[in-house]
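Visitor: coordinates only, no sequence provided:
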């Protein structure tokens with residue numbers, strides 16, 4: 001989840017009626033935007049409960065998270081343009097209303113498929129909330145006051161990201177997973193009610209939206225996501241899996257060709273010629289894998305390998321998320337003090353790699369400190385990157401391209417997070433399946449099905465039906481988790497090399 005400041009729309013002057021008192025705008029913004037990080041960090045912890053109650057298998061459960069991310073990534077640029085053209089308050093109300101309805105549908109859902117559709121609608125609403133409220137805040141403040149306002153909103157987003165797993169864990173343990181989405185609905189309803197005090201604003205000019213580009217980008221992302229989810233189910237060499245990946249590549253090529261030729265592109269591909277802009281977008285890969293991927297895998301690991309419940313798991317996830325809330329202030333000050341960007345990025349990536357390395361040694365019976373230290377180190381690394389990446393992306397391009405750069409950066413980050421969340425679960429399922437296929441399992445225990453349930457964290461019924469196999473199952477899950485952490489270590493190392501190579505001339509230019 002990125003800071004709202006990075007999606008400010010630039011361009012023509014705004015039209016506005018009377019200006020709403022700034023404190024009112026800030027209060028509404030704080031209430032409204034907190035739902036977005038809560039939806040990102042709090043949902044993975046609920047997947048086992050949803051799986052137990054509604055079933056559906058690994059793929060539908062993955063879409064509870066992925067539908068939200070894919071929808072937000074695919075529509076964020078569109079909702080930003082629509083907000084500028086048709087009114088920021090209007091688009092905010094439409095987005096928040098869609099989010100609220102999707103939450104009510106989720107609370108009442110009787111199948112995982114219904115939740116998947118509802119979470120996709122929530123993702124569209126989340127994109128509208130972030131982009132429209134960002135423009136509303138930018139329109140209400142000027143100069144230094146604007147920076148302070150965005151700083152406060154950023155703190156709210158960080159708090160939501162940090163506390164999301166703990167809040168979800170405790171509500172789910174005290175009541176159930178439906179109550180968590182009910183709690184989210186109350187927050188969105190409060191934001192909608194607060195919009196009554198806002199005045200409307202819009203851009204005098206505004207750009208047309210590249211609908212064909214958005215469609216091709218969305219199609220490529222969906223095909224790649226579906227292919228990654230289907231890989232462990234059908235086999236990576238299966239014709240259907242290969243066709244999905246081939247379709248994703250072809251669609252992405254068509255997207256690039258279209259963007260190079262259209263006069264109103266969704267992505268200004270020429271911005272990637274700037275080394276700094278290219279670098280921070282490449283860093284998104286390890287950021288997504290090392291943080292979002294871990295955030296999705298950790299609850300399942302704690303449930304099956306450590307035998308923890310929702311509340312205890314939520315508390316341990318705080319070890320990862322709290323540093324993300326605190327550390328950005330440090331990296332921001334280092335950047336302001338003149339510390340080169342490449343050193344800050346290398347420092348953050350190194351911390352993420354070291355944290356992943358430490359997690360390769362964590363077992364079910366490990367002491368709390370053995371889990372706490374690598375989680376805190378990883379969280380600190382993510383916090384370091386969070387403190388500088390948004391500003392580096394926008395600051396690397398001319399002011400006239402800042403809006404496009406911000407939209408591209410956020411879209412790429414959301415797409416990377418969506419794919420990372422799919423890939424890590426698919427890898428765990430594949431690694432567990434391979435390990436169990438070589439084990440001596442009873443005839444009534446299917447290795448592939450057990451692998452899916454372990455990867456999703458839906459282990460309550462599995463362990464109850466096969467109590468004598470729990471050590472074998474937990475050991476296979478721990479081994480798969482460690483393998484994914486090793487991949488994260490390698491990705492972190494490659495990312496460090498990429499940063500050092502791509503930004504090697506930057507300091508000399510300064």
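Guide: Looks like it arrived, so ask away. Computed from a predicted structure; not experimentally measured.

Visitor: can you name the residues that contact the residue nearest the centre of the chain?
Guide: Nearest to the mean C-alpha position of the chain, counting by Cα atoms, centre = their mean, stands residue 417 at 4.6 Å. By Cβ atoms under 8 Å, 6 or more residues apart in numbering, the contact list for residue 417 reads 40, 69, 73, 288, 292. (Each C-beta comes from the backbone N, C-alpha and C, glycine too.)

Visitor: what number of residues lie near residue 386?
Guide: 25 (other Cβ atoms under 10 Å).

Visitor: nearest residue to it in space, please, no chain neighbours.
Guide: Nearest residue to residue 386, sequence neighbours excluded (Cβ to Cβ, 6 or more residues apart in numbering): residue 328, at 4.7 Å.

Visitor: can you show me the strands along this protein?
Guide: Secondary structure of the chain (DSSP state E): strands at 14-16, 201-203.

Visitor: mean pLDDT lowest for which of those strands?
Guide: Among those, strand 14-16 carries the lowest mean pLDDT, a mean of 50.

Visitor: tell me, how many residues neighbour the residue lying closest to residue 58 once chain neighbours are set aside?
Guide: Among residues not flanking residue 58 along the chain, residue 452 sits closest, at 3.7 Å (Cβ to Cβ, 6+ apart). Residues within reach of residue 452, counting by other Cβ under 10 Å, total 25.

Visitor: residue 452 touches residue 57, doesn't it?
Guide: Yes - distance between residue 452 and residue 57: 6.0 Å, which falls inside the contact criterion (Cβ atoms under 8 Å).

Visitor: quickly note the distance from residue 378 to residue 250.
Guide: Here the criterion is Cβ to Cβ, to the nearest Å. By it, residue 378 lies 36 Å from residue 250.

Visitor: can you give the domain ranges for this structure?
Guide: The chain breaks down by automatic domain parsing into domains covering 1-10+19-207, 210-265, 274-510.

Visitor: quick one, grab the pLDDT at the spatially most distant residue from the centre of the chain.
Guide: If you look at how far each residue of the chain sits from its centre, by Cα atoms, centre = their mean, the farthest one is residue 443, at 39.1 Å. pLDDT, residue 443: 78.

Visitor: quick one, phi psi at it?
Guide: Dihedral angles phi and psi of residue 443 (degrees, to the nearest 10) take the values phi -60, psi -30.

Visitor: among the contacts of residue 417, which one lies nearest to residue 348?
Guide: The closest of the contacts of residue 417 to residue 348 turns out to be residue 288 (Cβ to Cβ; 13.5 Å).

Visitor: the closest one: neighbour count?
Guide: The burial count for residue 288: 24, using other Cβ under 10 Å.

Visitor: was I right about it contacting residue 413?
Guide: Yes - assessed by Cβ under 8 Å, residue 288 is found in contact with residue 413 at 7.1 Å.

Visitor: and the residue nearest to residue 393 when sequence neighbours are not counted, how close does it get to residue 106?
Guide: Distances taken as Cβ to Cβ, 6+ apart place residue 409 nearest to residue 393, at 4.0 Å, with adjacent residues excluded. To residue 106, residue 409 is 29 Å away according to Cβ to Cβ.

Visitor: about what we covered before: out of the contacts of residue 417, which one has the lowest pLDDT?
Guide: Per-residue pLDDT puts residue 73 lowest of those, at 75.

Visitor: per-residue pLDDT, the nearest residue to that one once chain neighbours are set aside?
Guide: Among residues not flanking residue 73 along the chain, residue 414 sits closest, at 3.4 Å (Cβ to Cβ, 6+ apart). pLDDT, residue 414: 77.

Visitor: what about the stretch 351-500 of the chain, any weak spots by pLDDT?
Guide: 394-404, 406-407 (pLDDT under 70).

Visitor: rerun at 90
Guide: For the stretch 351-500 of the chain, applying pLDDT under 90 flags the ranges 363-368, 382-430, 432-476.

Visitor: check contacts around the nearest residue to residue 285 once chain neighbours are set aside.
Guide: Closest residue to residue 285 apart from its sequence neighbours, by Cβ to Cβ, 6+ apart: residue 416 at 5.7 Å. Applying Cβ under 8 Å, 6+ apart, we find residue 416 in contact with 284-285, 287-288.

Visitor: ok, which pair from the residues you listed is furthest apart?
Guide: The widest separation within the contacts of residue 416 (Cβ to Cβ) is 7.1 Å, between 285 and 287.

Visitor: looking at the two, which is more packed in?
Guide: Neighbours were counted for residue 285 and for residue 287 using other Cβ under 10 Å; residue 287 has more, 27 against 18.
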